[in-house]
Structures are given as structure tokens and as C-alpha cells.
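Asks: got a predicted model here, sequence first, then my questions.
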Amino acid sequence: MIVCKLDDLLWQNRTNAKDLSKATGISTNTLSRLKNNKNIAYEARTIDLICKYFKCKIGDFLEYIPD
């Protein structure tokens, strides 16, 4: 299972989804689905924008946990 760690990144960087949305153009609905691990597919563009915003690696944003 792929787990999104967006909530952790937001907390560590002392920001919120609204500010992230404004800076990246990613909708707040998409960010909410990511935060709540309700996303089935991850767009490369979205991952790229989030990693650029936080200056992080994909592994800081997404984690694979074996079932």
C-alpha cells in the first residue's frame, strides 16, 4: 500500500493545504484526498510540484508499506 505523508510535511514545514494550493496550483480537494490517503492514483505533475515546494524527495512524500 502507498501511504501519502503530506500531512507530516505540512506540519514539519509549518504550513497548511491552503498555502500549498496557492503556491502550486494544486486544488484543495486534491490535497485533501492526498492528506487523507483517499487518492487512488498519483499524478507525476502533482508529485513534482509538492516535492519542489517542500524541497524534498519522493520518499519524504510517499511511502510503500507492504500489505
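Replies: Right, received. Where do you want to start?

Asks: on the three-state scheme, Glu63 is what?
Replies: At Glu63 the chain is in strand, as set by DSSP: H, G, I helix; E, B strand; the rest coil.

Asks: for it, what are its contacts?
Replies: Ile2, Val3, Lys5 (Cβ atoms under 8 Å, 6 or more residues apart in numbering). In short, each C-beta sits where N, CA and C put it, glycine included.

Asks: repeat for Trp11
Replies: With Cβ under 8 Å, 6+ apart, Trp11 has no contacts at all.

Asks: name the element it belongs to?
Replies: In this assignment (DSSP states H and E), Trp11 forms part of helix 6-12.

Asks: buried sites along that helix?
Replies: For helix 6-12, the buried set under the neighbour-count rule, 16 or more other Cβ atoms under 10 Å, comprises Leu6, Leu9, Leu10.

Asks: list of residues touching the following helix or strand past that helix?
Replies: Per DSSP H and E, the first helix or strand lying C-terminal to helix 6-12 is helix 17-24. With contact meaning Cβ under 8 Å, 6+ apart, helix 17-24 is reached by Leu10, Ile26, Ser27, Thr28, Leu31, Ser32, Lys35, Leu49, Ile50, Lys52, Tyr53.

Asks: at 7 Å what do you get?
Replies: Leu10, Ile26, Ser27, Thr28, Leu31, Ser32, Lys35, Leu49, Ile50, Tyr53 (Cβ atoms under 7 Å, 6 or more residues apart in numbering).

Asks: just the pLDDT for the first one.
Replies: This means Leu10. Leu10 is assigned 97 on the pLDDT scale.

Asks: surely it and Leu31 touch.
Replies: No - when contacts are counted by Cβ atoms under 7 Å, Leu10 is not listed as touching Leu31 (8.8 Å).

Asks: and the longest helix for the protein?
Replies: Of all the elements of type helix in the chain, the one with the most residues (DSSP state H) is helix 44-54.

Asks: may I see the buried residues of that helix?
Replies: Those would be Thr46, Leu49, Ile50, Cys51, Tyr53, Phe54, for helix 44-54 by 16+ other Cβ under 10 Å.
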